[in-house]
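*Asks:* dropping the sequence and predicted coords here.
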2 protein chains.
Amino acid sequence: MKKIVNKVEDIVIEMCEGMVKAHPEQLSFNKKYKIITRKKLNTNKVTLISGGGSGHEPAHGGFVGKGMLDAAVCGDVFASPSTIQIYNAITKTESDKGTLLIIKNYSGDCMNFDGAAEMAEDDGIMVEKVYVNDDVAVKDSLYTIGRRGVAGTVLVHKIAGAAAAKGLNLLEVKNSAEKAIENVRSIGFAFTSCTVPAKGTPTFTIGDDEMEFGVGIHGEPGIAREKILSADELSEKMLERIIADLPYETGDDVALLVNGFGSTPLQELYLLNNSVSKILENKNIKIYKTFVGNYMTAIDMSGASISLMKLDKELKEMLDYPSDTPAFKI
Amino acid sequence: MKKIVNKVEDIVIEMCEGMVKAHPEQLSFNKKYKIITRKKLNTNKVTLISGGGSGHEPAHGGFVGKGMLDAAVCGDVFASPSTIQIYNAITKTESDKGTLLIIKNYSGDCMNFDGAAEMAEDDGIMVEKVYVNDDVAVKDSLYTIGRRGVAGTVLVHKIAGAAAAKGLNLLEVKNSAEKAIENVRSIGFAFTSCTVPAKGTPTFTIGDDEMEFGVGIHGEPGIAREKILSADELSEKMLERIIADLPYETGDDVALLVNGFGSTPLQELYLLNNSVSKILENKNIKIYKTFVGNYMTAIDMSGASISLMKLDKELKEMLDYPSDTPAFKI
């Protein structure tokens, strides 16, 4: 296993510390419970907490900051944070206006975030929850009943973050997050597997001319193992699934997120963006804003995903609302 | 070759178009000469132009924007742009205050940028040049007489960009860029080779337990082929070379850039930052600002580099000066 690493068991803590050291003016790290929080908490707004397994960097710690999350709870690589970790994130960031948990729809995450919410409610803290399930690839999966939450989660953080920063109340912020979830769809593909550090070998094997179409962000199987396609063909194939699902229609305004899975270079992501943008233009689906980069990775998997979020006036305003986090600045 | 690509010969143009489509409010693209420019040019400031071979994305187009570059000239992958391309970049972005070319020290780039500068001077345009040579790994290399220009170039863009944005004159902006160059040093390592698309196979082979220490950003050989080290050992080894070179001393303030070469995920870059930061703290070299991410890549090479820039009051002010480009926002 060729990785920049000291001891495998210290990866999450050292990685979190490295992220916080890179952004000391914005972030703090609670080492005991592996929680990255905003350095200065604002108790007059709804608190937003997300998180999940590590291995998706910059998610989720990279989205902690002004206009997005207040805390990210970091599990081990590809493992949900524990109920106790999440409970501590909630109590340590309590605000007068309550807390919204943004949860990617995986069984382990749902169970632990739900349990932590109950414990916090017993303490008298108002907690609401939303579940992101933007992946159109599979109905159920290895780790999920229902669709998986993938890169679209970042756009949900952005919208909910703006709603909270604007001073909306807990139910209003929850409604904004749910509106974002209702309007976002994603799909991805992988050219190679990721390597989970504790295992040290690739999660799956794949031929030199093959891709996993519809792959999950933990290297879970997708729709099919297929021959690799050109950038244009691949974009067409991905958009076909996404567009039909909502559906997105002629004249719609959308946000477009072209997300790398970790080891795909920007050269290829920008080229993919070119293909995707051309197809959307031809369909008269209007790109209001584009994001290209590594937002929700699968450790070192090679591949990418596309997410679209349909935007009305309200969602556009929230997307444009200022945010200043390590990995997302508008 | 597993890449997101249509035709290999179209990679640079499609990639540039994808970048410009992602940032339509900031960037324009001249397809004929492969020049990415600011959408709104300011003729009342010194124009800053950089560029070089493609394959270093987000460099250099990603640094075009407010407070940094005015144009990036894009050569083929790992090949200098031609004199005619650069000449056109100069004439199309001419300002009343002259043009500074920021050139990475490779023989091909130097020759073509120098030739273009001469042509533009014949047209009556004031042109000055600086050459970045921050790589402490090797004295001369495959493509260079003298040291190579690598990731530290991004910090030079930032400093020169601030000087130009502040309204300084051509010689003053050149002096700022040279001061930045004098104070920046870098070194890198690779775990794997990059694959140049036109070749389709890795540039070099390397054992499963080996790294190329001191590698260049085109996969050029470095100091030695060695067994891979832990993150802490690797950081110590890299910093030893960098610190001794300037030298950086106890009490110095520095900017730290932890730069990925393309396929190394953020998880590892943040972990590397943790190791590097700890060592600098122990040496009482004070980190004024940290940047972690993919800034100057080598297509899809796995590995990273560290750059330090020693900062005085003036350089700190310039580093903090607002910039808003696709890949660098302060």
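*Replies:* It's in. The shown structure was predicted, so the numbers you read here are calculated from the model rather than taken from an experiment.

*Asks:* C-alpha only now, for contacts and for neighbours.
*Replies:* Noted.

*Asks:* hmm, B:A231 and A:N6 touching each other?
*Replies:* Yes. Between A:N6 and B:A231 a contact is recorded at 5.3 Å, counting by C-alpha atoms under 8 Å.

*Asks:* between those two, who's got more neighbours?
*Replies:* Using other C-alpha atoms under 10 Å in any protein chain shown as the criterion, A:N6 and B:A231 rank with B:A231 on top: 22 against 18.

*Asks:* next one, pLDDT for that one please.
*Replies:* Looking at B:A231, its pLDDT is 98.

*Asks:* then A:L142?
*Replies:* For A:L142, the model assigns a pLDDT of 69.

*Asks:* now do A:K40
*Replies:* So A:K40 comes in at 95 (pLDDT).

*Asks:* not counting sequence-adjacent ones, nearest residue to it?
*Replies:* Excluding the flanking residues, the one nearest A:K40 by C-alpha to C-alpha, 6 or more residues apart in numbering or on different chains is A:Q26, at 7.6 Å.

*Asks:* same question, A:L272
*Replies:* A:A231 (6.0 Å).

*Asks:* and the one you found, backbone torsions?
*Replies:* Dihedral angles of A:A231 (phi, psi; degrees, to the nearest 10) stand at phi -60, psi -40.

*Asks:* A:G62 now?
*Replies:* Per-residue torsions, A:G62: phi -70, psi -10 (degrees, to the nearest 10).

*Asks:* get me the contact residues on the stretch 151-300 of chain A for chain B.
*Replies:* Within the stretch 151-300 of chain A, the residues that sit near chain B (C-alpha under 8 Å from any C-alpha of the partner chain) are A:191, A:208-209, A:228, A:230-232, A:262-275, A:277, A:289-292, A:299-300.

*Asks:* may I see the buried residues of the one helix or strand A:I242 maps to?
*Replies:* Using DSSP states H and E, A:I242 maps to helix A:231-245. Neighbour counts using 16 or more other C-alpha atoms under 10 Å in any protein chain shown place A:A231, A:D232, A:L234, A:S235, A:E236, A:M238, A:L239, A:R241, A:I242, A:I243 of helix A:231-245 among the buried residues.

*Asks:* same thing with stretch A:174-185?
*Replies:* A:K174, A:S176, A:A177, A:E178, A:K179, A:A180, A:I181, A:E182, A:N183, A:V184, A:R185.

*Asks:* same question for stretch A:202-212.
*Replies:* In terms of neighbour count (16+ other C-alpha under 10 Å), stretch A:202-212 has its buried residues at A:P202, A:T203, A:I206, A:E210, A:M211, A:E212.

*Asks:* the residue nearest to A:L272 touches A:S275, doesn't it?
*Replies:* Yes. Contact criterion C-alpha under 8 Å: A:A231 and A:S275 qualify, at 6.5 Å.

*Asks:* now, the residues of the stretch 151-300 of chain A next to chain B that are in helices?
*Replies:* Counting by DSSP state H, the part of those found in helices is A:231-232, A:266-275, A:277.

*Asks:* quick one: the residues you listed as JSON lines, columns for distance to A:A327 too.
*Replies:* Shown next, in JSON lines, are these (distance: C-alpha to C-alpha, whole Å):
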{"residue": "A:A231", "distance to A:A327": "26"}
{"residue": "A:D232", "distance to A:A327": "28"}
{"residue": "A:L266", "distance to A:A327": "15"}
{"residue": "A:Q267", "distance to A:A327": "19"}
{"residue": "A:E268", "distance to A:A327": "19"}
{"residue": "A:L269", "distance to A:A327": "16"}
{"residue": "A:Y270", "distance to A:A327": "17"}
{"residue": "A:L271", "distance to A:A327": "21"}
{"residue": "A:L272", "distance to A:A327": "20"}
{"residue": "A:N273", "distance to A:A327": "19"}
{"residue": "A:N274", "distance to A:A327": "22"}
{"residue": "A:S275", "distance to A:A327": "24"}
{"residue": "A:S277", "distance to A:A327": "23"}
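
*Asks:* of those, grab the buried ones for ChimeraX.
*Replies:* Buried residues among these (16+ other C-alpha under 10 Å), as a ChimeraX selection:
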select /A:231,232,266,267,268,269,270,271,272,273,274,275,277
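
*Asks:* so what does the helix holding A:I242 touch, helix or strand wise?
*Replies:* With contacts taken as 3 or more C-alpha pairs under 8 Å, 6 or more residues apart in numbering or on different chains; DSSP states H and E, helix A:231-245 sits against strand A:184-190, helix A:266-282, strand A:303-310.

*Asks:* which ones are touching A:A231?
*Replies:* Neighbour list for A:A231: A:L271, A:L272, A:S275, B:I4, B:V5, B:N6 [criterion: C-alpha atoms under 8 Å, 6 or more residues apart in numbering or on different chains].

*Asks:* pick the one among these closest to B:S50.
*Replies:* Nearest to B:S50 among the contacts of A:A231: A:L271, at 21.3 Å, using C-alpha to C-alpha.

*Asks:* now the closest one: closest residue in space, sequence neighbours ignored.
*Replies:* With C-alpha to C-alpha, 6+ apart, the residue lying closest to A:L271 is B:M15, at 4.2 Å.

*Asks:* hmm, that neighbour is touching A:S275, no?
*Replies:* No. Contact criterion C-alpha under 8 Å: B:M15 and A:S275 do not qualify, at 9.6 Å.

*Asks:* ramachandran angles for the closest residue to A:S107 other than its chain neighbours?
*Replies:* Leaving aside its chain neighbours, A:S107 sits nearest to A:T144 (5.2 Å; criterion: C-alpha to C-alpha, 6+ apart). A:T144 adopts backbone torsions of phi -140, psi 140, taken as degrees, to the nearest 10.

*Asks:* how far away is A:T144 from A:G216?
*Replies:* Taking C-alpha to C-alpha, to the nearest Å as the measure, A:T144 falls 11 Å from A:G216.

*Asks:* the helices in the stretch 51-200 of chain A, which residues?
*Replies:* Secondary structure of the stretch 51-200 of chain A (DSSP state H, counting those that start in this stretch): helices at A:83-92, A:107-122, A:152-165, A:170-183.

*Asks:* now those helices as JSON lines including distance to B:T325?
*Replies:* As requested, those are arranged in JSON lines below (distance: least, C-alpha to C-alpha, whole Å):
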{"stretch": "helix A:83-92", "distance to B:T325": "34"}
{"stretch": "helix A:107-122", "distance to B:T325": "36"}
{"stretch": "helix A:152-165", "distance to B:T325": "20"}
{"stretch": "helix A:170-183", "distance to B:T325": "27"}
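
*Asks:* same list (those helices) but as JSON lines, adding mean pLDDT.
*Replies:* JSON lines is the format used below for the helices of the stretch 51-200 of chain A (pLDDT from 0 to 100):
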{"stretch": "helix A:83-92", "mean pLDDT": "98"}
{"stretch": "helix A:107-122", "mean pLDDT": "97"}
{"stretch": "helix A:152-165", "mean pLDDT": "98"}
{"stretch": "helix A:170-183", "mean pLDDT": "98"}
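
*Asks:* quick one, what contacts A:D232?
*Replies:* A:L272, A:S275, A:V276, B:N6.

*Asks:* what's the farthest-apart pair in those?
*Replies:* Distance extremes for those: the farthest pair is A:V276 and B:N6 at 12.5 Å, using C-alpha to C-alpha.

*Asks:* who touches A:V73 in this structure?
*Replies:* Applying C-alpha under 8 Å, 6+ apart, we find A:V73 in contact with A:33-36, A:49-52, A:60-61, A:81, A:85-86, A:89.

*Asks:* may I ask which helix or strand encompasses A:L256?
*Replies:* strand A:253-260.

*Asks:* ok, how many other residues are close to A:H218?
*Replies:* Neighbours around A:H218, by other C-alpha under 10 Å: 25.

*Asks:* now do the contacts for it.
*Replies:* A:F78, A:C194, A:A298.

*Asks:* give me that answer again for 6 Å
*Replies:* Applying C-alpha atoms under 6 Å, 6 or more residues apart in numbering or on different chains to A:H218 gives the contacts A:A298.

*Asks:* who's in contact with stretch A:258-275?
*Replies:* Against stretch A:258-275 from outside (C-alpha under 6 Å, 6+ apart): A:231-232, A:292-295, A:297-306, B:4, B:14-15, B:18-19, B:57, B:262-265, B:300.
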